[in-house]
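compute the structure for the input listed below.
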Amino acid sequence: MARNKVFFLRPSRVLVALGLVVLSACAVSSTPSASSDVTNSLVESESTLPETVPSVLVTTVPATTIPETTTTTTLPPLDTMCITTLKCQFANLVGIDYSLLKLEFTDFSVANLAGAQFVRADLNEALFIRANITGANFTGANLTSANFSGAVIAGANFTNANMLSTVICGWDLETVVGISAKQLSEVQVFRKKGNLYCP
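A predicted model of the protein is given here:
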């Protein structure tokens with residue numbers, strides 16, 4: 001029995017052999033790859049174009065500018081980190097909730113605390129000088145020796161707040177909510193040191 005030998009070619013040798021066959025076929029052919037009919041039709045189609053192109057009226061569109069709009073309804077971010085240093089002067093703390101926190105000696109002078117919550121907070125000797133506490137809630141808060149001189153207090157709630165020695169210079173008591181005769185007997189209308197008048 002005779003056995004047939006089978007040879008396997010490497011893929012790179014197969015590609016080289018295939019390339020040589022293609023090149024030899026191109027060299028043998030004497031006709032160009034594109035037919036003359038196609039070139040003639042191309043020449044004819046080019047000759048059918050008009051010699052002059054009609055002019056096109058160019059118009060310019062005026063640039064439109066969109067006016068920059070600003071909104072005043074958004075509030076700047078709250079300055080909540082001031083509590084860590086106990087210095088919150090000029091801070092924007094609108095509607096903040098500091099209920100049940102121990103905030104002794106914190107300076108809230110000239111801060112915006114409109115609608116803030118200080119329910120049962122410890123605000124012993126805190127400063128609210130010229131602060132905006134409109135609508136703030138101090139229900140049950142410890143305000144011993146706190147200073148509210150010149151604060152804007154319209155609608156602020158002081159129900160059951162400890163106001164022993166609290167300075168309330170310049171308050172319009174008709175706009176305050178929940179302040180009792182007992183609380184008023186414990187407050188100071190003027191500061192204890194220096195100038196006897198409200199700032």
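
hey, where'd the helices end up in the chain?
11-28, 36-47, 181-186 (DSSP state H).

mean pLDDT lowest for which of the ones you listed?
Ranked by mean pLDDT, the helices of the chain bottom out at helix 36-47, with a mean of 48.

so residue 186 touches residue 164, yeah?
Yes. Residue 186 lies in contact with residue 164 (CB atoms under 8 Å); the separation is 4.8 Å. Any C-beta I mention is one placed from the backbone N, CA and C, and that applies to glycine too.

so where's the protein uncertain?
Flagging of the chain using pLDDT under 70 yields the residue ranges 1-54, 56-59, 61, 64-78, 190-199.

tell me which residues are up against stretch 177-194.
The contact list for stretch 177-194, computed with CB atoms under 8 Å, 6 or more residues apart in numbering, reads 139, 147, 149, 155-161, 163-169, 173, 196-198.

same thing but at 10 Å, please
129, 135, 137-139, 143-149, 153-171, 173, 176, 196-199 (CB atoms under 10 Å, 6 or more residues apart in numbering).

in the protein, which spans are strands?
For the chain, applying DSSP state E gives no strands.

hmm, back to that, shared neighbours, residue 186 and residue 164?
Common contacts of residue 186 and residue 164 (CB under 10 Å, 6+ apart): 143-144.

for residue 106, see how far away the residue lying closest to residue 165 once chain neighbours are set aside is.
Spatial nearest neighbour of residue 165, excluding adjacent residues (CB to CB, 6 or more residues apart in numbering): residue 145 at 4.6 Å. Noted for residue 145: a distance of 13 Å to residue 106, by CB to CB, to the nearest Å.

please apply the same query to residue 84.
Remark: distance between residue 84 and residue 106 (CB to CB) = 10 Å.

what of residue 96?
From residue 96 to residue 106 the distance is 12 Å (CB to CB).

the more surrounded of the two?
residue 106 (25 against 22; other CB atoms under 10 Å).

now for residue 96 and residue 106: what residues contact both?
With CB under 10 Å, 6+ apart as the test, residue 96 and residue 106 both reach 83, 88.

my guess is residue 96 meets residue 79, correct?
Yes. Here residue 96 reaches residue 79: they are 9.2 Å apart, a contact under CB atoms under 10 Å.

now do the shared contacts for the two.
Counting by CB under 10 Å, 6+ apart, the shared contacts of residue 96 and residue 79 are 88, 111-112.

tell me the one of the residues you listed nearest residue 124?
Nearest to residue 124, judged by CB to CB, of the shared contacts of residue 96 and residue 79 is residue 88 at 15.6 Å.
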